[in-house]
Structures are given as C-alpha cells and as structure tokens.
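Novice: Have a look at this prediction, sequence included:
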Amino acid sequence: MSGVSLAKDNVSEADEFMKLDQLLRQSSQLFGDRPAVIDPERSINHRQLGEAANQFAEQLRRLPIASGSRIALLMENCVDYVVAYFGILRAGFVVVPLDTSANGETLRYILDNCEVRVLIAQSRYRRQLKSVFDGGCGVDYLLCDSILPVGSTALVKIKFGDTMRLDSILPELEPREAGPSEIIAMTRNGKSHELAAIFYTSGSTGTPKGVMLSHLNLVSNTQATVEYLKLTEIDRTLVILPFYYIYGNSLLLTNVACGACLVIDNRFMYPETVLNTMEEQKCTGLSGVPSNFMILLGKSTFASRKFPHLRYFTQAGGAMAPDVIRSLATAFPDKEIYIMYGQTEAAPRVTYLPPQQLTAKLGSIGIPLNGVAVTIMDENKLEMPSGKTGELVVTGDNVMMGYWRQPEEQEEVLQDGLLFTGDLGYKDEDGFIYIVGRKKDIIKAGGNRVSVKEVEESIVSHDKVLEACVIGVADPLLGEAIKAFVVMKPGLELEERELLRHCQRMLADYKVPKYFVVVDSLPKYQSGKINRQLLKQQTP
Amino acid sequence: MEFNTEKARNEIRKFIVDSYLLGDESIKFTDSDSFMRRGIIDSMGILELTAFLEQQFSITVADSEMLPTNLDSVENLIGFIKSKSGS
C-alpha cells in the first residue's frame, strides 16, 4: 500500500483534520430538534441521532477489538443504519458498507479481504449470511437481530430500534486483548488522512476492489457538495438509493452535515408509493441514477404532479440521455436539475453542471466542485488543450487513500495523488467537461460498474459454453445494458433461459446480461483476441 | 367469462418462480407474502411483472395503479386482476 501505513500514534489526537462523526456532532448541537432521518417505521432528530450514535459506540467498545478495526454493515436503508454508521466511526472503527444484493460468495470475499472483525446485519439477509458462514468466514462477531447458525463466529444478539443494544452475547465474551491499534493513516500534500470507510467496487478484473476513503476525503467532498447544492437545515431529501452505494453515502453525509433530513423510502419498485412519500413528506430534493428518472418519467404520474416543496433533482451514476434530461426539465421547469459526475475513488463527487447551464451545456458533466481539479491528459500525462480528448485526471482532498491491499491496481489509477479515472473526455472553451468513452472494459449498467471479464468468466464456466464476449448497449432504462454473445461447444445446444439461470446463480442481479445471443463464432484479431470493438460496431 | 382464480394463481406463481427465483421451487412463499419484504422483485422486475399481467390477462396497468396494494403479493395481484377484469 504505497504511501499508506499503520499509524504509530493515534492520529485523531493530533486533531489535524475534521472527522466524519464531527459532522453529526455539529448538526446535533446546531439543529438538534430538527428531523434527521425518517423511515417508514420511525423518525429521529439530530440530537437523538447524536445520542443514539454515542450509545451504540459505547456498546461497540465493549467488544475486544482494536481501534481502526473494520466493521461491516449489511443493512437496508433505515434509521438504524445511520445510527450504526456513525456509532462505528465515533467508536474509532472503520465502516465497511456492504451491497445487500451481493451473493454470499462476494460478501465472504469482501469480509475476508479487509479482515472485517464485526459484521452488523439484519436477519432479512439470512440467506446470504448462511452462505457467508457456511463457507467459513473470519469475522469474529456477528451482531444480528436473530439467532443464526454462524459456525465459529460469536453471535451477538442486537436489538434494533429506539436504542440499539447488544442484548445478549452468545457465547459470553471471553476476556481478551483488543490488540494494537489498526488505524491506517497517511499524509498527502501536507494533509493527514486517516481511514474512515472502505467501499467495494467492481474492478475491470471482476475482483471487487476496496476503495479506502479517509475522513478528509469524505468530509471535504461532503462540504463541497453541500455548498454547490445549497443544502441547508430546511432541506428534506428523498432517499431511494442505498446507503452502501457511494452516491447514497453522499446523501447520508451531506444531509446530516447541514442539519437536513433524510426521508428514506426503499420501495422504488412501486414508483407511485415513493412519489406519495415525496409529496406527503414535503421533500425538497430527489437524487437518482438515470434508470430512476427513466422509470419515473416513463412509468409513473411523476411528470403530471407538481411537488410544490421540491427544489432540486440530482443525477449521477452514469450518463443520462439528453432526451431524458430535456423531458425532466420540461416537466419541471421551476426545479433545479444538477447533473453530476463522480466515482467511488473520488469520495465520490468530481463535477457538477450548474442548473442554469443545463440547456446551454446539455450533455456536459459540468465543472469541478470546490477543492477538486480535473485535468484532461494524454497518454504521456501531458495536459490536453480544450477540445482535445484525453483521460480525466482528478486531484484534490477527495482522492482516495488507495485500494485495500491491491497495490498493482492502485498503481494503475493513483500516482502522486493524481486519480486516473479511466474516463475519456474533453473540456470546451469555457472549461465544461464532456465524457466520450472509457478506457477500460467496464459497463455501467443502472449506475453500477460491471466488469465484462467477470461476466464473461461466469458465462464460460457453463459446461456447454466455449467462449463469450460481453458488451454494453444503449438502454433507455439502464443507460447501458449488458449484451452477451455466446459460442457453444461443438454439437451442444443451450437455451437462453438456461444461460440466464446460470448467470443468475453466479452473479449479482445487476451483472446478469439482459440479452443473450448465441453465435457460431466471435470476431477476432490476428492475435486471437476477441475484437470487442467490431462486435460493438456491428451491434445496433 | 368467469374469472378463474385458481388458474390465475398458478400462472402468477409460475411466473414468479421462473422469472425471479431461478425456477427454484424449493423457495417457499405464501400468497400473502410481500414481494418487496421478501426481496423477490426489484424495481426492474416490477416492470416485467406488469408487462406479464398485461399480456397474460389482457388488462392495462395504469401508472397510478403501480402500488403495493395492487402488485405486492400473489393475493394482491389476483384481487387487482379480478377488479380490472370486472369479475
């Protein structure tokens, strides 16, 4: 992990930087009586949230684990998630939000990869948990609201609700040493970074990569985002994106930081229900990925409603088609629409398009936010003039500390504090940035990064398949949909349905191809490598 | 023509099992189980479900009818189809 080391001393004592849980401390003091989080079951104000996080931090400190240990969350969006998130940080641990749609194998890989000591999970994910623990998992403690068979891991019964308590501990905790501090810290450009969170994201190899984000990364990005969105304590943001997703995490932090309110509704599958919540709760903001806006505009009464309290929309998680942006602007001419760009490695926001520029700069991802710089570079790392296409390279306090124990992958994207995004684009004469493509074989489906290699390997693992090639095709809902071209072994046949099931067993839902095409052969270069570009060009 | 509840139930359950449960009939869910709470269907899946209803039962699902009370369990679906079919 170049440039990153275990801290000899507790860096927090130096107080050189603001910690994430200080955002909550501030909002608790300044906006204590204002609502902080509302879910369908209950609501909590900023003071109560601060107190609940304190209490939960105290509970966590009972566990004999070292400061800086990783604690993972496998929970849906709810008040308890927010309490647990800040409780973990306040107790001096590192939070690892887990994708609740991931299969057991992927979750086990992540838990083992970053040596998670404690997993906090809701029993609604019992199927994944069973798979995680059946396969053997190095987690020391599972904190869950139900008794589950978890092998040699100690099960701690947790009571979610008004006060999150560790109810009973099975077996009784043996007195043991917490061990030396595991706090990870580094200095870059004279500023201290201490690891706060690890978010896993798909890499081009298919193996999830742990993006290490420091308190400084997240605090600086949160503050800059609050500034350009003009968020204040009177805002109420409807949250339909999961908190484990970096965009959802950004909603959590920005709203808590300014004393605003998170209105959680996990029922986006029923858009009308979500719209009713938005209306009833007098939400001032809605944030989504392109597919959210496509579904709302195409399959709900969204465009015909008024939402008098709504002030703004934000959109990130992949390019949204200009037609959709126009439809949104036409339906809501009095609302601010923020088109944004970012990536997990940038904590996550990099640029935003100011709403007043939406029409003039349609198709642009906008300009960098405060404290962030974007340079367009050629292959020799030289800055390109405006109008010329190159790679988007990001600098700023938001640039990640690195990938967790993946130095080679880290070296590819992070050099001397420069984050090489893998996205290709150009700046116009006014400095507005436009993205034109990607360097790597990654498909961005519904806001999720999908490694073509991982999908292809899963398809080829089927006994009857000889080879496969996967590409992204334009899709009105997902931005990009996954299309798989599959060659069977000689003399063998396979129905599309069987391929689909095979992929569903192997991959998270969003990685499963939408289309399968069985072909006799795949176009290849002389080297024998599949000519993916040609396949893309031949696909309408 | 009279609405055949049993036939509709079987067709719906078969669609749910085939489309969302990988054809795994060992995964049990009752007619009153919420698809949302059980994590059976997501926001993309619900669009497939409404397409299935429109095709299989010759009904039209209006945007304003995409509500849990209409769509979030086998029971709710049957009630919804019945009401749309005028039975």
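Specialist: Ah, there it is.
Novice: number of nearby residues for residue 29?
Specialist: Answering for chain A, as no chain was given. 12 (other CB atoms under 10 Å in any protein chain shown). Glycine gets a C-beta too; all of them are placed from N, C-alpha and C.
Novice: Let me rephrase: I mean chain B.
Specialist: 17.
Novice: residues contacting it?
Specialist: By CB atoms under 8 Å, 6 or more residues apart in numbering or on different chains, the contact list for B:Phe29 reads B:Ile16, B:Arg38, B:Ile40, B:Val74.
Novice: quick one: A:Ala82 from chain B, how far?
Specialist: No Ala there; residue A:82 is Val. To chain B, A:Val82 is 21 Å away according to CB to the nearest CB, to the nearest Å.
Novice: for that residue, helix, strand, or coil?
Specialist: At A:Val82 the chain is in helix, as set by DSSP: H, G, I helix; E, B strand; the rest coil.
Novice: Double-check it against A:Val37; I have them as touching.
Specialist: Yes. Using CB atoms under 8 Å, A:Val82 is in contact with A:Val37, at 5.1 Å.
Novice: Ends of stretch A:385-399, what's the gap?
Specialist: Start-to-end span of stretch A:385-399 (CA to CA, to the nearest Å) is 24 Å.
Novice: If you count neighbours, what's buried in that stretch?
Specialist: With burial defined by 16 or more other CB atoms under 10 Å in any protein chain shown, the residues of stretch A:385-399 counted as buried are A:Gly390, A:Glu391, A:Leu392, A:Val393, A:Val394, A:Thr395, A:Gly396, A:Asp397, A:Asn398, A:Val399.
Novice: Least confident of those?
Specialist: Lowest pLDDT within the buried residues of stretch A:385-399 is found at A:Gly390 (93).
Novice: Surely that residue is in contact with A:Val374?
Specialist: No. In this structure A:Gly390 lies outside contact range of A:Val374 using CB under 8 Å: 10.8 Å.
Novice: Residues in contact with the lowest-mean-pLDDT helix or strand in chain B: which ones?
Specialist: The helix or strand of chain B with the lowest confidence, counting by mean pLDDT, DSSP states H and E, is helix B:43-56 at a mean of 87. Residues outside helix B:43-56 that contact it (CB under 8 Å, 6+ apart): A:268-271, A:291, A:295, A:299, A:446, A:477, B:11, B:15, B:19-20, B:41, B:59-61, B:66, B:71, B:77, B:81.
Novice: Report the next helix or strand after that helix in sequence order.
Specialist: Sequence order places helix B:68-71 as the next helix or strand after helix B:43-56, per DSSP states H and E.
Novice: Can you check which residues contact both of A:Val82 and A:Val37?
Specialist: By CB under 8 Å, 6+ apart, A:Val82 and A:Val37 have these common neighbours: A:Ile44, A:Leu49, A:Leu262.
Novice: does the closest residue to A:Ala373 other than its chain neighbours sit in a helix, a strand or a coil?
Specialist: Of all residues not flanking A:Ala373 in the chain, A:Thr395 sits nearest, at 4.9 Å (CB to CB, 6 or more residues apart in numbering or on different chains). Classification of A:Thr395 using three-state DSSP returns strand.
Novice: contacting residues around the residue of the stretch 151-300 of chain A found nearest chain B?
Specialist: When scored by CB to the nearest CB, the stretch 151-300 of chain A has A:Met269 as its residue closest to chain B, at 4.2 Å. A:Met269 sits next to B:Phe35, B:Met36, B:Ile41, B:Asp42, B:Ser43, B:Gly45, B:Ile46 when contact means CB under 8 Å, 6+ apart.
Novice: What distance do you get for it to A:Phe432?
Specialist: Counting by CB to CB, to the nearest Å, the gap from A:Met269 to A:Phe432 is 36 Å.
Novice: Name the nearest residue to A:Pro354, sequence neighbours excluded.
Specialist: Of all residues not flanking A:Pro354 in the chain, A:Gly366 sits nearest, at 6.7 Å (CB to CB, 6+ apart).
Novice: Spit out the contact partners of the one you found.
Specialist: A:Ile339, A:Met340, A:Tyr341, A:Thr351, A:Tyr352, A:Leu353, A:Pro354, A:Gln357, A:Phe432, A:Ile433.
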